[in-house]
Structure formats: C-alpha cells, structure tokens
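Undergrad: Quick one, structure for this:
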Amino acid sequence: MNIWQLPVFLVLTSNVSPFQFGELFQYVDSHQQEYVETLRDWVAVESDSSDMLKRSDLHQMMDMTAEKLRAMGGKVELVDIGEQELPDGQKLALPKVVAATFGSDPSKHTVCVYGHVDVQPAKKEDGWSTEPYNLTDINGNLYGRGASDNKAPVLAWIHTVEAYQALNQDLPVNVKFIIEGMEETGSNGLEAMIVAQRDTFFSNVDYIVISDCGWLSRRPALTYGTRGNCYFFAEVEGPKQDLHSGVFGGTVMEPMTDLIGILDTLISPSGKILIPGIREAVAPLSDEEWKMYQDIEFDIESYKNKMGVDQLMYSSKVDLLAHRWRYPTVSIHGIEGAFSGSGSKTVIPAKVTAKFSIRQVPDMDPAVVKKQVTDYLHSVFAKRKSPNKLKVTMIIGAKPWLADTKHPLYTAGKAAVKRVFNVDPDLIREGGTIPIARTFQDVTGKSIIMLPIGGFDDGLHSQNEKMSRYNYIEGTKLFITYLHEVAKIKKTPV
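TA: Next up is the predicted model:
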C-alpha cells in the first residue's frame, strides 16, 4: 500500500511543512473554514454562461471576483470585451474580464494566473444528491456546481496572496490575475482582449499558470499538454419537407440513411480513424513518453468502475493513456432534425445534421483536418449516388497545446509538490481541450504551466461535482510554495 491508498486523515498527519513555510501554512490551516464559506458564497451564484436568462448572475459573479481582489488592495480592472450575438440576432453583453495586479517590482518575476468563474448547467433533478448551488460538506468533500471547475482553484490562488498579505510577507513574485466568465461556452471575446493587451497588461508577464484541470489519480500531477478539438456539422438535405414513411418509404433516398452511412465510415469498431491523412499526421510516441506513461499511477479497474463499463478499447495502461491524451479520436455527439421524442413517429426527416468532433494532437493542423474531413465525406457521399445534398462545416478549430516538461516552470512545480505532499508528481496530459492555453502561447509568447489541485474523482461537468477540503487547503499551500520556487528561476536581463 502506498501513501495515496491511505485514508485522507493519515495523509494529513504525515504532511510535514518545511520551517520556512510554517507560518504561511499555519495561517492557511487556521483560516480553512473561512475559505470554505467564501467558496460557499461563490458556488451560490448560478454563473451558468450557457443560460442567457442567468446572464445577470454571471455579471454578479464577475463583480464579486473583482471586489474580492480590490478588498485585498490589488489594482483591479473590469475589462469590457463586447457583446455576444444570439442566433435570433439579439445582442447580449458579455461578462467583463477581471484583470488584477499585485506587485510591480521589476527585479521579480511576474506570474499571471488564469481562471474562470462561470459554470456548466446544473439542476437537482438531473441526478444530483444535493442542491448544486448550495455547497454541501459530506465527509470532507465540498459538493456544488463549479466547486472544482473552477471556483475553488481560483480562490486558492486568491487565498495564496491573502496569506502573504495577512502575515506582512512580501510576495516572492509579482502576481497578476486574468479571470473570465465565458470559458464553458468558448471564452467569447477573450482572445481579442489578450491580443489588445499583449503590449500592456501582458508586457511584463514572465509566466502564465492555469489551474483549470485535475489530477489523474490520488497522486498530485503537473499537466503539460491538452488535445485540440475540430467540431463538425454534417448536414444532409433531401425532400422539401418531412415525409410519411408508410406513404413515401421505399420511393425516396432518405437523408437519415445517407447520414448514418457516411458517419459509419469515420471510425472502425476498434477505434481506428478511417479518414485518410489523420493518423499519418500524428507525432509518433517516443520511447521517453512510453516510459513516462509506464511510471504514471493509473488504475484500470478504477477507471472502468468510474465509467460503469466492463470492457475498454485497450487493456494496457500505456495504450489507454496514450489514446486518451496524445492520439486523435472521433466522437459522434448527436443528430439534429431527427425524431427524438418519446413514443413512436413514422417520419422521414427532410434534413438531418450530425454533430461530431475530432480531438487533435501534434502535429495535426485544424485547417488541414477541415479539408481532410470535408473531402473525405464528400467522396464517400458521392459513392452513394444519392440526389440529396451534403454540407460539411467545421465550427470549432482549437489547436492542441504542449509544453516542455524540462522548462524551469516544471522544475519549480516538481519541487513545490515534493515540499507539500512529500511525493513526486505525475507528469500528465489532458484529453480535453483548453483553447486559452494555446492562445496565451501564440499571442503572448509566454511560457505556460498547468498546475492542478482538483481531484481525479471531482466529477467535472457531471452530477455531484465536488472539491475535497483536503485538495482545496493543501492546494493553497501548493500555490504558496510554487511562487517561492518560481522566484528561484534565474531572471533573464531585458
């Protein structure tokens, strides 16, 4: 049995703080209930960015965030990023982005922390055991929508600055915050804001830290890569209106049949992508990566139990991790226009639209993937000799992000994890997409690290999302320690 299989209370008692961090850590421990209550206040705000009727709640959440940072003496600005145009042509104000600065010592590094305070939709009737917007503490787990994604990590960074201030200790680095309210729906307006402020707010930033991710197991982790996402609509249109299958069935070539037929050519039952050129563009798995995956803590049986399945597509840990993180995948998400209500309806839909995505990895390019998918589906469709019309559209083309694990930011991360948790972190990648990481990298040219504190079982985007009190409090200590480690990085003269 290793340390991560021990009960949480044993892990807590075995954690010894180095002397130089003792006072800061003691402050965090003595204020943990206050931190939980602040999280409770934040979770209570239904900042669902996908629900236009809750836009006022989202504005309130941004104001609360700004006021919290102002009360700490930060230089805070609420940056207007414009409006969002709805499908009906109506325009709605986007939530302002919070930009805050603590410290401006040119002799110190400047670290910019990115986070978001909007959340996914949640209702009790969706299957929650507790009220999703009422933070509920059960056996040390803090249940509530947004608790892990991403309100507790944002607050942990804020508590980090607060602890230094309360003890009259200088921050070892200058700290900036960029906190948005539209991450869950695509970060509308944020890229333009980053471009506009590249030579102002970001001009003196040395490093960017993102904590919008989680651990793979009970072992702490540092994240160094995410997959991109190419999201497609494939529309097949035939008759001018829906038809009765008894009257017209057998006499027309049905759009749904065409659509199902071409979707079946995207991927094989074993998971092999059949679109020419996709697999050939993927960077091969190196021996170093294979060894890294082999050493990562990952329990296959727990993974299966978490999803409620009896069989996975691969049986080895390395194959599973590689196909989860660094190989592309095709997923079919739904069909619009098809009958989907309860009961029976003998209809032939006149127009149907499939929604599918391809998670992409280095060295794939969204523009190339768009052409490959479009050309392939049209060629497959042509072979059906159907009179129906096919239209393929790519609506998202987010690039993958990959960092150098030998960069000093990761050296600092390893040292911080070792100090706080007394273990070496796993170096992991995320199968999902965090487009803002690549945006920061491309626009600002700054180095980025993903430093997660969320647990592997937090249930992000799902029912019963939670952040454990342990991860929340010890995560704050991790951030405190990380700033000290970053301060040790030799500053390059300008």
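Undergrad: for stretch 399-419, how far is the first residue from the last?
TA: One end of stretch 399-419 to the other measures 34 Å (CA to CA, to the nearest Å).
Undergrad: pLDDT on it, on average?
TA: For stretch 399-419, mean pLDDT rounds to 96.
Undergrad: Centroid-nearest residue for this protein?
TA: For the chain, the residue nearest the mean C-alpha position is residue 434 (4.9 Å; CA atoms, centre = their mean).
Undergrad: What does that one show for phi and psi?
TA: Backbone torsions of residue 434, given as degrees, to the nearest 10, read phi -120, psi 80.
Undergrad: what about it, distance to residue 226?
TA: 5 Å (CB to CB, to the nearest Å). Quick note: C-beta positions are derived from backbone N, CA and C, even for glycine.
Undergrad: who touches both of those two?
TA: Common contact partners of residue 434 and residue 226 (CB atoms under 8 Å, 6 or more residues apart in numbering): 401, 450.
Undergrad: wait, isn't residue 136 in contact with residue 147?
TA: No: counting by CB atoms under 8 Å, residue 136 does not reach residue 147; the two are 9.6 Å apart.
Undergrad: Which one of these two is surrounded by more residues?
TA: Ranked by neighbour count (other CB atoms under 10 Å), residue 136 and residue 147 place residue 147 first, with 30 against 18.
Undergrad: Need the per-residue pLDDT for the more buried one.
TA: Residue 147 is assigned a pLDDT of 98 by the prediction.
Undergrad: Not counting sequence-adjacent ones, nearest residue to it?
TA: residue 467 (4.2 Å; CB to CB, 6 or more residues apart in numbering).
Undergrad: just to revisit the earlier point, tell me how far the residue nearest to the centre of the chain lies from residue 228.
TA: Taken as CB to CB, the span from residue 434 to residue 228 is 10 Å.
Undergrad: Equivalent analysis for residue 81, please.
TA: Taking CB to CB, one finds residue 81 at 23 Å from residue 228.
Undergrad: need the contact list for the residue nearest to the centre of the chain.
TA: Listed by CB under 8 Å, 6+ apart, the contact set of residue 434 reads 210, 212, 213, 226, 401, 450.
Undergrad: joint contacts of residue 434 and residue 228?
TA: The contact sets of residue 434 and residue 228 overlap at residue 401 (CB under 8 Å, 6+ apart).
Undergrad: Would you map out the domains in the protein?
TA: Domain assignment of the chain by automatic domain parsing yields the ranges 16-226+400-487, 229-277+327-398, 284-325.
Undergrad: what's the most buried one of those domains?
TA: Mean neighbours per residue, mean count of other CB atoms under 10 Å, is largest over the domains of the chain for domain 16-226+400-487, with a mean of 19.
Undergrad: Just give me how far that domain sits from the chain centre.
TA: Relative to its chain's centre, domain 16-226+400-487 lies at 11 Å (CA atoms, centre = their mean, to the nearest Å).
Undergrad: next one: stretch 261-274
TA: The answer for stretch 261-274 is 27 Å, by CA atoms, centre = their mean.
Undergrad: where exactly do the strands run in the stretch 351-494 of the chain?
TA: In the stretch 351-494 of the chain, the strands defined using DSSP state E, counting those that start in this stretch lie at 351-360, 389-398, 401-402, 426-430, 447-450, 466-468.
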